[in-house]
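Peer 1: sequence-free structure coming up:
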């Protein structure tokens, strides 16, 4: 998966998996889902959509081609984008992958937002990989803090402490998620219905926003 463009591509395909949307609606959904973590703009969204159309992963149709009787003449047309069969297959392949890229900072939030479309084994592998990566980072920060503590002023030390607490908190959060996933596999509970990716992403956003604000 390419870096920033790959992240946006997965987010777009994941949202279109729920329902066709025009570009403006997609942008709103992206900002709602991940706006706290990265800024998506028309400048990056529309080239992504154009590329996905070119590759046959989505289609774009003019929603105003057959306007309703009450539609105003001269109203700006909107292209409605829809996932193709190839797009669904490509998205399924991406969401089933669980290599190191999936748990890196750049990609983890987007992959987590679409855990509702991801199988349980892949979810666990990604969560465990993320936890391992953060544990390694935590050890490195602690070692660095021990070496430099005497040379830092009180404000830098406080910032360092805040960073440690932030990573420790995320590790605990991941521990809870992993335990929950393993528990669900041992004793699957009946479900009344599976949430859509958009609904799942909205629920995830509140959890991630708190972590994002703490990082600031």
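Peer 2: Received it, and whenever you're ready, just let me know what you need. These numbers were taken from a predicted model, which means no experiment stands behind them.
Peer 1: check what contacts stretch 50-57 and list those residues.
Peer 2: Outside stretch 50-57, the residues that touch it by C-beta atoms under 8 Å, 6 or more residues apart in numbering are 9, 12, 13, 58, 59, 60, 81, 83, 84, 86, 87, 90. Bear in mind the C-beta positions are built from the backbone N, C-alpha and C, glycine included.
Peer 1: if we use 7 Å, what do you get?
Peer 2: By C-beta atoms under 7 Å, 6 or more residues apart in numbering, the residues outside stretch 50-57 that reach it are 9, 12, 13, 58, 59, 60, 84, 86, 87, 90.
Peer 1: count of residues packed around residue 45?
Peer 2: Close neighbours of residue 45, defined as other C-beta atoms under 10 Å, add up to 18.
Peer 1: can you read off the pLDDT for the nearest residue to residue 22 once chain neighbours are set aside?
Peer 2: Spatial nearest neighbour of residue 22, excluding adjacent residues (C-beta to C-beta, 6 or more residues apart in numbering): residue 78 at 4.2 Å. Residue 78 carries a pLDDT value of 83.
Peer 1: same question, residue 168
Peer 2: So, for residue 168, pLDDT stands at 94.
Peer 1: Three-state assignment for it, please.
Peer 2: Secondary structure, DSSP: H, G, I helix; E, B strand; the rest coil: residue 168 is helix.
Peer 1: how near is the residue lying closest to it once chain neighbours are set aside to residue 167?
Peer 2: Spatial nearest neighbour of residue 168, chain neighbours left out: residue 138 (6.7 Å); criterion: C-beta to C-beta, 6+ apart. Distance from residue 138 to residue 167, counting by C-beta to C-beta, to the nearest Å: 5 Å.
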